[in-house]
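Trainee: Need the 3D shape of this:
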Amino acid sequence: MAIKSRTKNTKTDKALAPAPGTVRVACIQMASGPYVSANLSEAERLIEIAANQGAKLIALPEYFAIMGLKETDKVKVAEKEGTGPIQRFLSKIAKKHEVWIIGGSIPLASAIEGKVRNACLVFDDKGKQVARYDKIHLFGLNLGNEHYREEKTIEPGDKIVVVETPFGKIGLSICYDLRFPELYRAMGEVDIIVVPSAFTETTGKAHWELLMRARAIENLSYVMGPAQGGYHASGRETHGNSMIIDPWGVVLDRLPRGSGVVIASVNAGYQQSLRNSLPALSHRTI
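Mentor: This is a model prediction of the structure:
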């Protein structure tokens with residue numbers, strides 16, 4: 001299957017119905033800024049494009065609602081679970097388009113002053129929140145002029161989350177989690193792995209695609225990677241290259257940079273045939 005690359009997707013026509021046994025899924029790519037309302041407007045525009053192309057499961061990137069001027073900006077807009085403009089937006093948009101929304105990640109209130117939980121929320125097609133995953137592995141980098149210490153503003157989660165959906169079992173993770181294969185093994189046999197991300201350009205160009213394809217191959221799972229991609233008001237540059245990968249490690253669709261939609265079909269029958277032909281998951285001894 002050919003790899004498609006493009007800089008921006010503006011197609012809004014209704015897609016043809018997928019073949020029996022398949023479902024259309026989409027990743028949203030953004031270059032979010034410091035203003036929540038503007039980011040939600042952009043997310044709404046892109047979700048509508050994806051829904052109009054037939055996507056029934058749509059995933060947003062990490063911190064789609066805010067990429068602040070300072071790391072502490074997200075603490076100021078943190079919401080309590082179940083209330084707040086970001087969560088209301090996710091519920092409303094899922095219900096409006098009758099799609100499942102994976103809300104990338106948003107800052108939720110922490111019990112620790114000055115910190116947030118970096119949380120991925122899942123809403124069903126009725127607008128009901130059905131799952132929450134709090135990022136477990138916190139990013140740290142000390143490389144040249146780049147320095148990141150997420151533990152300064154984020155309280156880590158401690159629970160692995162797999163959610164049952166009409167599209168199969170979905171394992172939730174966020175960005176830096178991608179470097180820890182034991183997390184995905186602990187999920188069991190999931191059908192789709194989702195990795196909302198904001199990889200830096202430095203680490204992304206070196207490792208993003210390699211890690212994404214590795215997680216797909218070793219778990220014989222579809223992998224969805226909605227990402228931040230571009231320059232942000234803080235001066236940070238994120239890698240982008242949002243992609244959807246099949247269980248054989250083939251990149252079905254990608255978007256190198258800028259705002260847009262990545263879309264592909266998930267085929268449960270094809271996935272099962274691969275697992276039957278190469279039963280590596282049942283060959284595990286440790």
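Trainee: ranges for the strands of the stretch 151-286 of the chain?
Mentor: For the stretch 151-286 of the chain, applying DSSP state E, counting those that start in this stretch gives strands covering 162-165, 168-172, 192-194, 222-225, 229-231, 237-239, 242-245, 251-255, 260-267.
Trainee: Which strands border the one helix or strand in the chain whose mean pLDDT sits lowest, and is each parallel or antiparallel?
Mentor: Of all helical and strand segments in the chain, the minimum by mean pLDDT, DSSP states H and E falls on strand 146-149, at a mean of 86. Taking DSSP bridges as the criterion, strand 146-149 sits next to strand 140-143 (antiparallel) in its sheet.
Trainee: that older thread, which one of the strands of the stretch 151-286 of the chain lies closest to G104?
Mentor: strand 192-194 (9.1 Å; C-beta to C-beta). Placement of C-beta: from N, CA and C, glycine included.
Trainee: Against which helices or strands is that closest one packed?
Mentor: Other elements packing on strand 192-194 under the criterion 3 or more C-beta pairs under 8 Å, 6 or more residues apart in numbering; DSSP states H and E are strand 168-172, helix 209-219, strand 222-225.
Trainee: Surely A119 forms part of a helix?
Mentor: No - following the definition DSSP: H, G, I helix; E, B strand; the rest coil, A119 is strand and is not counted among the residues of a helix.
Trainee: could you list every residue that touches it?
Mentor: E81, S105, I106, P107, L108, R132, Y133, D134, K135, G157 (C-beta atoms under 8 Å, 6 or more residues apart in numbering).
Trainee: Now the third one. Nearest residue, chain neighbours left out?
Mentor: On the basis of C-beta to C-beta, 6 or more residues apart in numbering, the spatially nearest residue to I106 that is not a chain neighbour turns out to be I86, at 4.9 Å.
Trainee: ok, how many other residues are close to the one you found?
Mentor: 23 (other C-beta atoms under 10 Å).
Trainee: Toward the C-terminus from the host helix or strand of it, list the very next helix or strand.
Mentor: Using DSSP states H and E, the element containing I86 is helix 85-97. The first helix or strand that comes after helix 85-97 along the chain, using DSSP H and E, is strand 100-102.
Trainee: Show me what that next one is packed against.
Mentor: Counting contacts by 3+ C-beta pairs under 8 Å, 6+ apart, strand 100-102 is packed against strand 57-59, helix 85-97, strand 116-123.
Trainee: quick one: strands adjacent to the shortest one?
Mentor: Which is strand 57-59. In the sheet, strand 57-59 lines up with strand 22-29 (parallel), strand 100-102 (parallel) (DSSP bridges).
Trainee: Please name whichever of those is nearest to K115.
Mentor: Comparison of the strands paired with strand 57-59 against K115 by C-beta to C-beta identifies strand 100-102 as nearest, at 23.2 Å.
Trainee: hmm, back to that, ok, of the contacts of A119, which come out buried?
Mentor: Taking 16 or more other C-beta atoms under 10 Å as the criterion, what is buried in the contacts of A119 is S105, I106, P107, L108, R132, Y133, D134, K135, G157.
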